[in-house]
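J.: Test case, fold it:
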Amino acid sequence: MRSETKESEKMVKASKGGRRRTRSVLRRRARERGLSPITHIFQTFDVGEKASVSIDPSIHKGQPHVRFHGKTGTVLGSRGAAYLISVRMGGKVKQIIVRPEHLRKAN
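T.: Numbers count the residues shown, from 1 in each chain. Just a heads-up that it's a prediction; the model follows:
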């Protein structure tokens, strides 16, 4: 006998969005939920300064890819309201454009 599949028995195609599989990575603790302070937007970074990429999940604009979350890089310059950051990933050096809401000053 030949088995036939109905339309309702087919599998659903997995989402391929930019925020897929980020449920735990882009989650804030209970007391940190909601919008971030506006002062994060007004942060300034100088060329050559070290900055850590810390994605703020409440602000979608200017977010880098989730693979850069937690990485530290060097500021190379600015691109409008955002900054050009040089980050080492394994044996390569990558440049990403990130808005200041998603950056923290590194020690």
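J.: From now on I want contacts and neighbour counts done on CA atoms only, so please keep to that.
T.: OK.
J.: pLDDT below threshold where in the protein?
T.: Judged by pLDDT under 70, the chain has its weakly predicted residues at 1-5, 7-8.
J.: mind listing the helices in it by residue range?
T.: Using DSSP state H, the chain contains no helices.
J.: Report how many residues lie close to the nearest residue to Lys50 once chain neighbours are set aside.
T.: Excluding its sequence neighbours, the residue lying closest to Lys50 (C-alpha to C-alpha, 6 or more residues apart in numbering) is Thr74, at 4.6 Å. The local packing of Thr74 (other C-alpha atoms under 10 Å) involves 21 other residues.
J.: What of Thr22?
T.: Neighbour tally, Thr22, other C-alpha under 10 Å: 11.
J.: Same check on the one 4 residues further on?
T.: For Leu26, the count of nearby residues is 15 (other C-alpha under 10 Å).
J.: ditto for Glu9
T.: By other C-alpha under 10 Å, 8 other residues sit near Glu9.
J.: and it, how far is that from Lys16?
T.: Using C-alpha to C-alpha, to the nearest Å, we find Glu9 at a distance of 21 Å from Lys16.
J.: Now do the residue nearest to Lys50 against Gln43, distance only.
T.: According to C-alpha to C-alpha, Thr74 stands 15 Å off from Gln43.
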